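# Take this sequence and fold it.
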Amino acid sequence: ITLSGVPSQSYARLSPDTILAAVSLLPHENKASVLHMGLSQSLKCENDPEVPIKSKDVLTFRCGWRTWQSRPVFSQNNLNSDKHKFERYMPTGG
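Alright, predicted model coming up:
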């Protein structure tokens, strides 16, 4: 793999023990999709924990090396129903 446009100073800062990962998106990964996951607010969160996070606010997600912005819709996790109640704010329990 040949990298172009990378300053030599950036490469010089890397330790010999550094692991580099080369990744790319698959051709179909530019489309919208639905992802169901459980969220919890981190102690390192930039926002004040007392300020609620609204449904459909833009949030940045990181999973491994992938980072994306999305507008999550919060709902109750009810295993006894095939429908989920919309929540206006992120539940405090995650």
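# Can you point out the helix or strand that includes the most centrally placed residue in the chain?
By Cα atoms, centre = their mean, the chain has its centre lying nearest to residue 61, at 1.3 Å. Element membership of residue 61 [criterion: DSSP states H and E] is strand 59-63.
# What's the first helix or strand after that strand?
strand 66-70.
# which helices and strands does the next helix-or-strand element following that following strand pack with?
Downstream of strand 66-70, the first helix or strand assigned by DSSP H and E is strand 74-75. Packing partners of strand 74-75 (3 or more Cβ pairs under 8 Å, 6 or more residues apart in numbering; DSSP states H and E): strand 86-87. No exception for glycine: its C-beta is placed from N, CA and C like everyone else's.
# quick one: strands adjacent to the strand it packs on?
strand 74-75 (antiparallel) (DSSP bridges).
# Give me the neighbour count for residue 88.
9 (other Cβ atoms under 10 Å).
# For it, give its distance to residue 55.
Using Cβ to Cβ, to the nearest Å, residue 88 is found at 6 Å from residue 55.
# and if you look at residue 29?
Residue 29 sits at a distance of 25 Å from residue 55 (criterion: Cβ to Cβ).
# before we move on, back to that, angle of the strand holding residue 61 against strand 66-70?
150 degrees (axes from the mean of the first three to the mean of the last three Cα atoms, to 10 degrees).
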